[in-house]
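Just a sequence and a predicted model for now, questions to come.
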Amino acid sequence: MKPFAILAFVLSLLPAISGVAQEVPTATPSPGITFHSSSNLVLVDVVTANAKNGLPDKTFKQGDFQVFDNGYPVSIKTFDSGAQFTTRPLALWFVVQCNMQGWEAKGSGLFAGRISLFKPALKYLDKQDTVAVAHWCDNGQSKLDLLPTSKVEQMATALEQVLAPMPSPTDHARTGELALQQVLQLIIDATRSLVPEPVPVVIFLYGDYSGMPRSEADHFIDELLETSAIAYGLKDRRSPRIRLLGEQGAIANYFATETGGQYLRVTPETYAKGLEEILRQLHFRYELGFQPEALDGKRHTLRVELTDAVKNQHKGLRLRYRLAYVPNRHGIR
């Protein structure tokens with residue numbers, strides 16, 4: 001079966017997936033804060049990193065940035081700064097693979113029994129941020145275990161329940177790939193139902209010993225880009241690396257790179273530090289909005305730069321942002 005035929009079959013099954021929660025709460029912004037709608041703007045989240053210490057730079061202004069759409073400069077219409085608490089709230093989706101016997105180091109099993117180690121970092125969540133949990137298994141199961149909620153203590157409970165040991169299937173290839181695709185689609189659909197729509201942040205707690213045909217991976221990157229999603233990952237250093245020929249390996253890392261996120265390698269002692277680093281990047285990001293010329297449904301490349309004068313003052317500063325956007329019938333994001 002061709003890759004996109006498989007995708008169409010998978011997506012047709014999504015409404016029937018058992019155990020998917022039916023209600024999605026509505027996010028409510030704090031009084032006095034206006035979050036720019038993504039219905040008529042492309043919103044580009046930009047993370048800055050100081051060359052010396054890796055910390056975000058909080059001093060930039062709208063005129064310090066340049067944005068290029070398919071190589072052409074565009075006018076920045078809106079400018080929001082995390083340091084000024086004007087960026088959109090976050091919906092943090094913690095995503096894990098089932099804890100399969102004999103597969104613990106290659107999937108998410110190394111995190112089992114240690115989710116409480118992340119708790120110190122949760123105090124850095126903003127008031128409007130929410131947390132959620134989802135998982136997939138190599139036996140084909142995928143599920144949203146906890147929909148976005150401000151009750152952060154529920155996150156740890158849900159993750160530990162999901163990471164209870166289970167028998168390992170004989171096949172760790174195609175069925176698991178399709179289940180991962182299913183759970184990503186479920187997250188995308190849940191995000192689109194939220195009003196106002198937050199920034200979905202997919203945080204893989206996952207060794208990422210994985211692969212997928214490149215065409216299918218790019219299809220789901222487009223889906224993620226349509227919701228302004230940013231993918232991150234925390235990988236236990238004890239997890240092995242994977243090298244594949246003929247398809248995209250380390251698929252969660254690939255999602256992170258393409259959406260402007262990052263994959264961090266941690267140890268149990270640094271689990272909280274890794275999550276704190278992700279939250280710091282996101283909370284001190286900049287959000288640049290511009291109006292595209294057309295809703296053509298095609299992938300547009302994005303490039304963000306500092307102006308020459310500012311670049312000379314911040315030598316070595318790194319900018320990270322999604323590498324593309326897709327304007328289509330769902331609106332512009």
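All right, it came through fine. Numbers count the residues shown, from 1 in each chain.

wait, what's in contact with residue 160?
112-113, 115 (Cβ atoms under 8 Å, 6 or more residues apart in numbering). From N, CA and C alone the C-beta is placed, and that goes for glycine too.

Also residue 66?
So, once contact is read as Cβ under 8 Å, 6+ apart, residue 66 ends up touching 73, 304-307.

can you confirm it is in a helix?
No: according to DSSP: H, G, I helix; E, B strand; the rest coil, the state of residue 66 is strand, so it is not within a helix.

and it, how far is that from residue 259?
Residue 66 sits 21 Å away from residue 259, taking Cβ to Cβ, to the nearest Å as the criterion.

Poorly predicted segments of the protein, please.
Within the chain, the stretches with pLDDT under 70 are 1-39, 328-333.

Specify the beta-bridge partners of the residue minimising distance to the centre of it.
Computing the C-alpha centroid of the chain and ranking residues by Cα atoms, centre = their mean puts residue 231 first, at 2.4 Å. With DSSP bridges applied, the residues forming beta bridges to residue 231 are residue 202.

In contact with it, which residues are there?
Listed by Cβ under 8 Å, 6+ apart, the contact set of residue 231 reads 201-204, 224, 252, 255-256, 258-259, 261.

ok, it to residue 202 distance?
Taking Cβ to Cβ as the measure, residue 231 and residue 202 are separated by 4 Å.

Mind listing the shared neighbours of those two?
With the criterion set as Cβ under 8 Å, 6+ apart, the overlap between the contacts of residue 231 and residue 202 is 224, 255, 261.

Pretty sure the last one sits against residue 232.
Yes: look at residue 261 against residue 232 with Cβ atoms under 8 Å: they come within range, at 4.2 Å.

higher neighbour count, those two?
When neighbours are counted by other Cβ atoms under 10 Å, residue 261 comes out ahead of the other of residue 261 and residue 232, with 28 against 25.

Now for the more buried one: which residues touch it?
The neighbours of residue 261, taking Cβ under 8 Å, 6+ apart as the test, are 201-202, 230-233, 255, 320.

could you dump the residues you listed to a markdown table with distance to residue 90?
Formatted as a markdown table, the entries for the contacts of residue 261 read as follows, by distance: Cβ to Cβ, whole Å:
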| residue | distance to residue 90 |
| --- | --- |
| 201 | 5 |
| 202 | 11 |
| 230 | 9 |
| 231 | 13 |
| 232 | 11 |
| 233 | 16 |
| 255 | 17 |
| 320 | 16 |
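
Out of the residues you listed, which comes closest to residue 101?
When those are ranked by distance to residue 101 (Cβ to Cβ), residue 233 comes first, at 23.0 Å.

CA atoms of stretch 215-227 as CSV?
Below are the C-alpha coordinates for stretch 215-227, written out as CSV (Å, rounded to 0.1, in the frame of the first residue of the first chain):
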residue,chain,number,x,y,z
SER,A,215,7.1,11.3,3.0
GLU,A,216,4.8,10.3,5.9
ALA,A,217,7.0,12.2,8.4
ASP,A,218,6.8,15.3,6.3
HIS,A,219,3.0,15.0,6.0
PHE,A,220,2.7,15.1,9.8
ILE,A,221,5.1,17.9,10.1
ASP,A,222,2.8,19.9,7.8
GLU,A,223,-0.1,19.0,10.0
LEU,A,224,1.8,20.2,13.1
LEU,A,225,2.8,23.4,11.3
GLU,A,226,-0.8,24.2,10.6
THR,A,227,-1.4,24.5,14.3
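
So for that stretch, what gets flagged as buried?
Buried residues in stretch 215-227, defined by neighbour count with 16 or more other Cβ atoms under 10 Å: 216-227.

ditto for stretch 55-73
Residues of stretch 55-73 classed as buried by neighbour count (16+ other Cβ under 10 Å): 56-57, 60, 64-67, 69.

What of stretch 43-54?
Neighbour-count burial for stretch 43-54, counted by 16+ other Cβ under 10 Å, picks out 43-49.

how long is that stretch end to end?
Distance across stretch 43-54, first residue to last, is 24 Å (Cα to Cα, to the nearest Å).

Identify all contacting residues around that stretch.
Stretch 43-54 is contacted from outside by 36, 55-57, 60, 65, 67, 78, 87-88, 199, 228, 230, 260, 281-282, 284-290, 302, 304, 315-322, 325, 333, using Cβ under 8 Å, 6+ apart.

Quick one: distance of stretch 212-229 to the chain centre.
For stretch 212-229, the gap between its own C-alpha mean and the chain's C-alpha mean amounts to 11 Å (Cα atoms, centre = their mean, to the nearest Å).

and residue 157, what element?
Using DSSP states H and E, residue 157 maps to helix 153-162.

can you pull the buried residues of that helix?
If you call a residue buried by 16+ other Cβ under 10 Å, then helix 153-162 has these buried ones: 154-156, 158-159, 162.

Can I get those residues in JSON lines including distance to residue 131?
Converted to JSON lines, the buried residues of helix 153-162 look like this (distance: Cβ to Cβ, whole Å):
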{"residue": "154", "distance to residue 131": "8"}
{"residue": "155", "distance to residue 131": "4"}
{"residue": "156", "distance to residue 131": "9"}
{"residue": "158", "distance to residue 131": "9"}
{"residue": "159", "distance to residue 131": "10"}
{"residue": "162", "distance to residue 131": "14"}
